[in-house]
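[1] For reference, the sequence and a predicted model appear below.
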Amino acid sequence: MSEVIKPKTDAEVLEAVQWAGNEKKALEIKGRGSKSGLGRPMATDQTLDLSDLTGITDYQPGELFLSAKAGTPLSEITAALEKSNQQLMFEPPDYGPLMGGVAGTGTLGGLIGCNLAGSRRLKAGSARDNFLGFHAVSGRGEVFKSGGQVVKNVTGFDLSKLIAGSYGTLAVVTDATFKVLPRPEKTRTVLIQWSQDGIYDHGGVQAMTEALSSTNDVAGAAHVPAQIAARSQVDYINNSGSAITALRVEGPGPSVTYRCAALTKLLAKFGTVDELHSRNSAIFWKEISDVAYMADNPSSVLWRLSVPPTEGSRVSLRILEGHPGEVFYDWAGGLVWLLLQSSDRSLAARVRQCVDKVGGHATLVRGPDHLRTSVPVFHPLDKSLSEITKRTKQGFDPRGILNPGRMYEGV
Amino acid sequence: MLMPKPDAGTIARRDDIIRAMQEIIDDEGVIVDADELRAYDCDGLMAYKQIPLIVVLPKTTAEVSRVLKYCHENDVKIVPRGAGTGLSGGALPLADAVTIGLGKFNKIIETDYLNRCVVTQPGVTNLAITQAVQEEGFYYAPDPSSQIACSIGGNIAENSGGVHSLKYGLTTNNVLGVELVLMNGDVVRLGGKHLDSAGYDLLGVVTGSEGLLGVITEVTVRILRSPETARAILLGFETSELAGDCVAAVIGAGIIPGGMEMMDTFAIQAAEEFVHAGYPLDVEALLIIELDGPEVEVEYLIETVQKIASDIGAVHMKISQTEEERLIFWSGRKAAFPAVGRLSPDYICMDGTIPRGKLSEVLQKMAVMAKKYDLRVANVFHAGDGNLHPLILFDANNPGEFQRAENFGGDILKLCVAVGGVLTGEHGVGIEKRDLMGEMFTEDDMKQQQRLKCAFDPGHLLNPGKVYPTLHRCAELGRMHVHKGALKFPEIPRF
């Protein structure tokens, strides 16, 4: 176990990074650790624990933004937003249980580092699309900022995009500003129940594609095969015994009623169509976004594939040919959660090959240490991109003291 | 405006460079004649002109790659150019640089309705993408007002916005992938038809990088299903403060309209005189609020907005009853720039963003500045997202007036930053706001941004002199500053 440094102020973060730079100590940058298992295993000397760097610093509902310190728990942010009937549109997921921990421990900084998004991704974008600006300490031990508190801003390079999803390898974010928006007045979920037997993944993707191509402004599209649907906490879904395709509709009341009716009509040809109301909708979409269905199988290998939506079911079924595992789909097929029983390296190579054929990338989210150390956790980059990635790291953290090796070797 | 001193050595090698370019690109794609070069001497910021060393118009990614590789190996600067409609001088040529125009990359490669995206060459116009898919009921959401002429590659370079960005996002939220040629000639692909990038989000930083990181040769953008219907409400208010209150109340009610635009008295009068859109002439502020979606939703929201506006005290209210009427409402707003332009020999268009709540404060201070500089200013405003476009009127034939207009504009942008906003909302920094960057960023902020530039273009050959006021050599930027005496570390609690 490495020692822990727990700064309470920006100045202490700066001191710690400068100290680590001078002493050539590698730091693990950590919020509350709910996603520590994401990325490559690292060897670090000290842990920079930001869980005491907390608090909402500026929230102006009328201006549609919220600024907070990086260690602020997401639960605190969500609660503050709820008071003004607002939300983070990208539906931050909670991977705590999925990664073998407990629920409700994520921080704002962790969300930025991993650039996560839930099911509304296909409409509202990811963390990076809603991340307006930040203050940070670079690996050089220098304070810098980028962006601001307004949505429309093209002043200088958009470093928010670079920092989102950089897994703490470039800079330690101390303050972040996010765009927030009103919560929808009403939410319903249109459900297709497929008939009793067979694999309906291709049909599910086709149904989602048709729904997304309609004018019904779908804000979530997932397909769950029968054996996974049985794990839902929503009785209506776990009792159905069939594969489920779900389409979320949000907005003003009369509009939601109208669009649900239109979708029901459009999708009736695929199977029995029904509706989930607000409470069950909320439970179901949280299960999908949090990947709750795959949390109870810690010894298995879990992959996250990001592919062109129409390729989702084709890629996963090709990989699963002759290999025990299971799969479900979010983002209308564009996000594939694939669980494999075997931790064989050649199967990992097969995952990457199949994804490369259709375009996209595969991330090894969970797996035994031997696999996570012998297989690239993030999709390998080609030579040119790998060089740019290394030079970018050099520019921000030339001594390699921030989360070294978390994403790629030498980065 | 001080540009980097042209390198005499490069200019002396002009004939060699021309020969090398002619080997890569057929003759008509290499422009060397002084008269022909004049067509490329500026972009939409026409106050600044410079004849480029030469212009090349490649047709393929391979040609772009070879051009850049040659320039990289021979230390020749490059200025990328799309349709040349940019308003901040990002495509202003340099006397010692090859301008690389992407105009011949003018084909749409693929429309993929099932994955809801279009793959296109970068020289295709913004509007042409929508036109290519509208028969199937789709459109490309970002709609900068120059959409009839501006290219999608240029939109990505500038991260363009538009009237609909409040609800549907900026370019950066609608681009899925690009093919990019790096300064050394390497061709890379960032993103694709999937939703998020692998590794660092380089697609995100290339978007809005103003031609400083690479040359885009292919683009994949997201398309959306067109809403069933759209209607607009025209609202007049006696004060801009009340109009601002109305904007806040609409958002407070949980409504994000498709568009929410404001115009001040001067802009209203100029537009009305020009296109006769039926705007009220006795109000200080006009709001156009557009609501889109299914009929039933639009009707419901119009009622809500109507009620909000009457409660706040709108003195004029008109709801579009037909598609034709909706377009008439917009015609004045869309023609606001030329309409104001008719009233003055010259004008400059500013572009800052402010917090919505600061609108009336900013307008009042701007009126005081207008008196001080003795110049007229008209305001059009993307009210929903706080993006302000003051148009400053002047006559370049009067000695000193252009300088006065520029100083006035500079003061407006400083004011935007002072009230919590930013220097540019959608037009880019280019050369126009380059020297104001220090208003928003510290030296360390800008150095860190430039280190990203060094990762892509260590020789500073791509579009030098743009965006950043000081060019630091990458070797200097890379040097580590050792923080001596910073070892108060033991005071930090350990556990």
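    On my side now, so go ahead.
[2] hey, let's count contacts and neighbours off CA atoms from now on
    OK.
[3] show me the contacts for residue 81.
    Using chain A. Counting by Cα atoms under 8 Å, 6 or more residues apart in numbering or on different chains, residue A:81 touches residue A:87.
[4] Chain B was what I was after
    B:91, B:99-102, B:154.
[5] Look at residue A:40 and report its pLDDT.
    pLDDT recorded at residue A:40 is 94.
[6] I meant to write residue B:111 there.
    98.
[7] Kindly report the same for residue A:376.
    95.
[8] got a list of what it touches?
    Contact analysis of residue A:376 by Cα under 8 Å, 6+ apart lists A:40, A:364, A:408.
[9] out of the contacts of residue B:81, which one sits closest to chain A?
    Distances from chain A to the contacts of residue B:81, taken as Cα to the nearest Cα, are shortest for residue B:154 (13.5 Å).
[10] Pairing partners for the helix or strand containing residue B:220, with directions?
    Element membership for residue B:220, per DSSP states H and E: strand B:215-222. Using DSSP bridges, the strands paired with strand B:215-222 are strand B:117-120 (antiparallel), strand B:175-181 (antiparallel).
[11] need the residues of the stretch 1-150 of chain A near chain B, please.
    Within reach of chain B by Cα under 8 Å from any Cα of the partner chain, the stretch 1-150 of chain A has these residues: A:3-7, A:12, A:15-16, A:18-19, A:22, A:61-63, A:122, A:125, A:129, A:140-146, A:148-150.
[12] any chance of the contacts of residue B:81 in TSV, plus pLDDT?
    Converted to TSV, the contacts of residue B:81 look like this (pLDDT from 0 to 100):
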residue	pLDDT
B:91	98
B:99	98
B:100	98
B:101	98
B:102	98
B:154	98
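[13] where does chain B have low pLDDT?
    Residue ranges of chain B with pLDDT under 70: B:482-495.
[14] any idea how it splits into domains?
    Chain B breaks down by automatic domain parsing into domains covering B:8-101, B:108-225, B:229-337, B:344-435.
[15] for these, which one ends up most surrounded?
    Stretch with highest mean neighbour count among the domains of chain B: domain B:108-225 (a mean of 23; mean count of other Cα atoms under 10 Å in any protein chain shown).
[16] Which of the three states applies to whichever residue of the stretch 151-300 of chain A sits closest to chain B?
    Nearest to chain B in the stretch 151-300 of chain A, going by Cα to the nearest Cα, is residue A:153, at a distance of 4.2 Å. Under the three-state scheme (DSSP: H, G, I helix; E, B strand; the rest coil), residue A:153 adopts coil.
[17] and it, what does it touch?
    So residue A:153 contacts A:147, B:353, B:422-426 (Cα under 8 Å, 6+ apart).
[18] can you list contacts of stretch B:421-435?
    A:148-150, A:152-156, B:1, B:86-91, B:158-162, B:208, B:210, B:351-355, B:387, B:413-414, B:416-417, B:436-437, B:440, B:465-469.
[19] Make TSV out of the contacts of residue A:153 and add secondary structure and distance to residue B:456.
    Formatted as TSV, those follow (DSSP: H, G, I helix; E, B strand; the rest coil; distance: Cα to Cα, whole Å):
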residue	secondary structure	distance to residue B:456
A:147	strand	21
B:353	strand	29
B:422	strand	26
B:423	coil	25
B:424	coil	24
B:425	coil	25
B:426	coil	23
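[20] from those, which is closest to residue B:122?
    residue B:426 (18.8 Å; Cα to Cα).
[21] wait, which of the contacts of residue A:153 is closest to residue B:222?
    Residue B:222 has its nearest neighbour among the contacts of residue A:153 in residue B:426, at 19.4 Å by Cα to Cα.
[22] Provide the backbone phi and psi angles at the closest one.
    For residue B:426, the backbone dihedrals (degrees, to the nearest 10) come out as phi -150, psi -10.
[23] From what I see, residue B:386 and residue B:362 are in contact.
    No. Counting by Cα atoms under 8 Å, residue B:386 stays clear of residue B:362, with 11.2 Å between them.
[24] who wins for proximity to residue A:75 among the domains of chain B?
    domain B:229-337 (21.9 Å).
[25] Do a quick rundown of the helices in the stretch 101-250 of chain B.
    B:126-133, B:152-158, B:165-168, B:202-206, B:240-252 (DSSP state H, counting those that start in this stretch).
[26] export these to a markdown table and tack on distance to chain A?
    Listed next are those as a markdown table, based on distance: least, Cα to the nearest Cα, whole Å:
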| stretch | distance to chain A |
| --- | --- |
| helix B:126-133 | 12 |
| helix B:152-158 | 7 |
| helix B:165-168 | 8 |
| helix B:202-206 | 5 |
| helix B:240-252 | 6 |
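[27] Inside helices: which ones of the contacts of stretch B:421-435?
    Counting by DSSP state H, the contacts of stretch B:421-435 place B:158, B:413-414, B:416-417, B:437, B:440 in helices.
[28] about what we covered before: looking at per-residue confidence, what score does the residue of the stretch 151-300 of chain A closest to chain B get?
    Reading off the model, residue A:153 has pLDDT 96.
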